[in-house]
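Engineer: Sequence first, then the predicted structure:
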Amino acid sequence: MAQTELIEIDELVDEIVARLLALPNLKAENVRNVRREFSKRLANTSPQIVIALSLRLLQLGRPGFEYRFVAYELVCHHKAALRSLGEKDLELLGRGISSWGDVDTFACYLAGPAWCQYQVPDELIHRWARSEDRWWRRAALVCTVALNNKARGGSGDTARTLEVCRILVSDRDDTVVKAMSWSLRELSRRDPQAVRAFLEEYKNMLAPRVLREVRAKLTTGLKNPRRKVDTSVNK
């Protein structure tokens, strides 16, 4: 990357940091407005610049999720940058994920859509699913959401979704269990028959929470349907 481009990136990073520090509060809409401002300025910038800028934001080491949020959204909302993501880019952008917000933003905005469009191989997601780090295991499952969610570019992919679910079917880490439920509930909108078959096949291995929430989604359309209040006289 040319020296002038590196200088441009550093100047943009300084501007973004200044804008974030000047916010009266860090509500999502306020942070997103900052991102929108810079997305407009970067609209005609090369994918390489956008990704490099996002990586610099992640390398600042500052506290707070807002820097990671802006970094991921800048790439997500720059179509050419999102389409250019490869395995190396994702591993760098995902470095240090260690919370629900980190993982879900990374997987829903970047890794999932890139995988959905076959920009990275299945083996990468499977490697994350087998990681000793629970946050990478969760990321693997959350990536499947993009396969089945129209807003994330998915049109339905039962095979790839269930392949990841099988790897983690007996995982009992709470973050992973919740992601398993989310993954299967999202797929149930596209292929409820396959989800029912999966639940039946692995009913003795899946966490009770997964069975309860996914079955509820299949039968009522809701993850946690409220119980009907019994107003009859004879209870």
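Structural biologist: Arrived safely.

Engineer: What ranges in the protein fall below the confidence cut-off?
Structural biologist: 1-3, 62-63, 227-235 (pLDDT under 70).

Engineer: which helices and strands sit right next to the helix ranked longest in it?
Structural biologist: Longest helix of the chain, by residue count under DSSP state H: helix 3-21. When contacts are defined as 3 or more C-beta pairs under 8 Å, 6 or more residues apart in numbering; DSSP states H and E, helix 3-21 packs onto helix 28-41, helix 47-58, helix 66-76. C-beta here means a position set from N, CA and C on the backbone, and glycine is covered the same way.

Engineer: could you dump those to JSON lines with mean neighbour count and distance to residue 149?
Structural biologist: Listed next are the helices and strands packed on helix 3-21 as JSON lines, based on neighbours: other C-beta atoms under 10 Å; distance: least, C-beta to C-beta, whole Å:
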{"stretch": "helix 28-41", "mean neighbour count": "15", "distance to residue 149": "19"}
{"stretch": "helix 47-58", "mean neighbour count": "20", "distance to residue 149": "22"}
{"stretch": "helix 66-76", "mean neighbour count": "23", "distance to residue 149": "14"}
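
Engineer: What lies in contact with stretch 43-52?
Structural biologist: 1, 5, 8-9, 42, 74-75, 78, 80-81, 83-85, 89, 93 (C-beta atoms under 8 Å, 6 or more residues apart in numbering).

Engineer: Can you give the distance from that stretch to the centre of its chain?
Structural biologist: 21 Å (C-alpha atoms, centre = their mean, to the nearest Å).

Engineer: same check, this time on stretch 7-14
Structural biologist: Chain-centre distance of stretch 7-14: 27 Å, with C-alpha atoms, centre = their mean.

Engineer: contact partners of that stretch?
Structural biologist: With C-beta under 8 Å, 6+ apart, stretch 7-14 has contacts from 38, 41, 42, 49, 52, 53, 56, 57, 60.

Engineer: what do you get for stretch 64-78?
Structural biologist: 16-17, 20, 26, 28, 31-32, 34-35, 38-39, 42-43, 45, 47, 50-51, 53-55, 57-58, 60, 81-82, 85, 93, 99, 101-102, 105-106, 109-110, 113.
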